[in-house]
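Participant: Coordinates for the following, if possible.
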Amino acid sequence: MKNEGHCSDKQHKDLERQKQDAAIRDRLAHIKNKILVMSGKGGVGKSSIAAYLSVYLAKKGYRVGLMDVDLHGPSIPRLLGLRGNILPAQKVGKALPIRFMPNLEVISIESLMGENKDLATIWRGPVKIGVIRQFIADIEWSDLDYLIIDSPPGTGDEPLTVAQTIPDATAIIVTTPQEISLADVRKSINFCRQVHMRILGLVENMSGLICPCCGKRIDLFKKGGGLLTAKKENIPLLASLPIEPEVVDQADGGTLEKMIDSSSAFNNEFQKMVDTIIQMMTTNITVSKRIVQEPKGIDRNGKVVFAIPIADGKLCSHFGHCENFALIETENGKIIGKTLHTPPPHEPGVLPRWLQQMGARIVIAGGMGSRAQQLFEEKGIEVITGAPIDEPESLVHQYLEGRLITGANVCDH
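Facilitator: Below you'll find the predicted structure:
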């Protein structure tokens, strides 16, 4: 009897999980773009950027949701001056987020804490995972253009749950110019690549202070670290935001939205960043998460040789200027061999002929011009562009398992 009761309890939990999964899928289907704002370490201004990005998008007329999953240190309500708590929705078991602006909705664990907002949330991983899933499934979000998710620093349960629960989420990673911050940011970059989350770009916050007396720039936290990291990791640098005392004052006062009308260097740079993000999402979102279909005339389970340009052991986004090519031989859907080869000098038509002679049937690349793709096709070699920066074996495994997800083709000429 005990075993029967145990099985019944397990079946009930499985059923509830399935219902929640269905609710999550239904809710996410009504949200166009999901952006996770994350950082490798605390104190870099991540929450301020998430809040300000949400307000800016809403001011531009987009329907925006802001979800604070920093469960131990929620700061979004205080940055925006939110005073209310969430309310029950008309649907049973659902709740309404707090409406900060006519087209900006906000949810944070602090909104559930009653009068005492200083209570500590002492939770282990499974509880945190459940809360984040509930934030998606049980909150009656409107149909949204953007859902901005403020994650706690690091690569723990919260960002991992977002990656697993929202498979088409993209990431913005916030850092400061100093090396101690950049070292942690590189962990965040590797985290995104391991969970196959597209990185929109890097934001370097606190990038110098303009002296109010003489107008000279003072680099309090060094200079240019964000740009160097972005170049090395082959990701965009979205903005270098200077230190702005007005941001601190408005954030402490819960009036961050007033920064929108500021003429400061910070605001001007932030506006450019928002415009860049909108352009990236509207032009690339339709292809940024497409699963590669099997090329014509190639049997995924047959004998296939893949060619992948690499640098530092991972895919090189600059196809014609890579250090080596990894040639990976597969048969019956499994990798059976790998060799590294130094390519000949890069000239039109040379690489297609060379790789054809090496037996390559499929090239997996970050970006490639249309003329180069045509030359490969003339040699009977299929080309896959927009692949994530990952180890060649991992890319081939993803292809063979039918889960290689590619982004926009950013060619290198």
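
Participant: so when I look at Ser317, I'm seeing a strand, right?
Facilitator: No - the assignment for Ser317 by DSSP: H, G, I helix; E, B strand; the rest coil gives coil, which leaves it out of any strand.

Participant: How many residues are close by the closest residue to it other than its chain neighbours?
Facilitator: In space, Ser317 comes closest to Gly366 once its chain neighbours are excluded; the distance is 3.5 Å by Cβ to Cβ, 6 or more residues apart in numbering. Every C-beta, even on glycine, is put in place using the N, C-alpha and C of the backbone. When neighbours are counted by other Cβ atoms under 10 Å, Gly366 registers 25.

Participant: Could you do Gln18 as well?
Facilitator: 10.

Participant: And it, how far from Ala137?
Facilitator: From Gln18 across to Ala137, the span is 12 Å (Cβ to Cβ, to the nearest Å).

Participant: Over to Ala387?
Facilitator: Distance of Ala387 to Ala137, given as Cβ to Cβ: 32 Å.

Participant: The two: which has the busier surroundings?
Facilitator: Between Ala387 and Ala137, counting by other Cβ under 10 Å, Ala387 is the more crowded of the two (24 against 20).

Participant: On the three-state scheme, that one is what?
Facilitator: Following three-state DSSP, the label given to Ala387 is coil.

Participant: quick one: pLDDT of the residue lying closest to it once chain neighbours are set aside?
Facilitator: Spatial nearest neighbour of Ala387, chain neighbours left out: Ile364 (5.0 Å); criterion: Cβ to Cβ, 6+ apart. In this prediction, Ile364 carries a pLDDT score of 93.

Participant: quick one, longest helix in the protein?
Facilitator: Using DSSP state H, we find that the single longest helix of the chain is helix 2-28.

Participant: Quick one: mean pLDDT over that one.
Facilitator: The average pLDDT within helix 2-28 is 73.

Participant: Mind giving me the packing neighbours of that helix?
Facilitator: If you count contacts as 3 or more Cβ pairs under 8 Å, 6 or more residues apart in numbering; DSSP states H and E, helix 2-28 packs onto helix 125-137.

Participant: ok, the very next helix or strand once past the helix it packs on: who's next to it in the sheet?
Facilitator: For helix 125-137, the following helix or strand on the C-terminal side (DSSP states H and E) is strand 144-150. Its sheet considered, strand 144-150 pairs with strand 31-39 (parallel), strand 64-68 (parallel) by DSSP bridges.

Participant: Kindly format the C-alpha coordinates of the longest one as PDB.
Facilitator: Spelled out, that is strand 31-39. Extracted in PDB, the C-alpha atoms of strand 31-39 (Å, rounded to 0.1, in the frame of the first residue of the first chain):
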ATOM      1  CA  ILE A  31       6.000  37.100 -25.700                       C
ATOM      2  CA  LYS A  32       8.000  38.100 -28.800                       C
ATOM      3  CA  ASN A  33      11.500  38.800 -27.400                       C
ATOM      4  CA  LYS A  34      13.100  37.600 -24.100                       C
ATOM      5  CA  ILE A  35      16.300  39.200 -22.900                       C
ATOM      6  CA  LEU A  36      18.200  38.100 -19.800                       C
ATOM      7  CA  VAL A  37      20.400  40.800 -18.200                       C
ATOM      8  CA  MET A  38      23.200  39.100 -16.400                       C
ATOM      9  CA  SER A  39      26.700  39.700 -14.900                       C
END
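
Participant: Tell me what angle that strand forms with helix 125-137.
Facilitator: Comparing the axes of strand 31-39 and helix 125-137 via axes from the mean of the first three to the mean of the last three Cα atoms, to 10 degrees yields an angle of 150 degrees.

Participant: Same question for the shortest one.
Facilitator: Using the same axes, to 10 degrees, one finds that strand 64-68 and helix 125-137 are set 170 degrees apart in direction.

Participant: who touches strand 64-68?
Facilitator: Strand 64-68 is contacted from outside by 31, 47, 50-51, 54, 57-58, 74-77, 97, 100, 103-110, 135-136, 141-142, 144-150, using Cβ atoms under 8 Å, 6 or more residues apart in numbering.

Participant: With the first one instead?
Facilitator: The contact list for strand 31-39, computed with Cβ under 8 Å, 6+ apart, reads 28, 46-47, 49-50, 53, 65, 141, 143-151, 153, 159, 162-163, 166, 168-175, 181, 184-185, 188, 197, 200, 277, 281, 285.

Participant: how does the chain divide into domains?
Facilitator: Domain ranges of the chain: 15-284, 290-406, per automatic domain parsing.

Participant: Distance to Asp9 for these - can I get that in CSV?
Facilitator: What follows is the domains of the chain, written out as CSV (distance: least, Cβ to Cβ, whole Å):
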stretch, distance to Asp9
domain 15-284, 11
domain 290-406, 33
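
Participant: Excluding residues flanking it in the chain, which one is nearest Met281?
Facilitator: Nearest residue to Met281, sequence neighbours excluded (Cβ to Cβ, 6+ apart): Asn33, at 4.9 Å.
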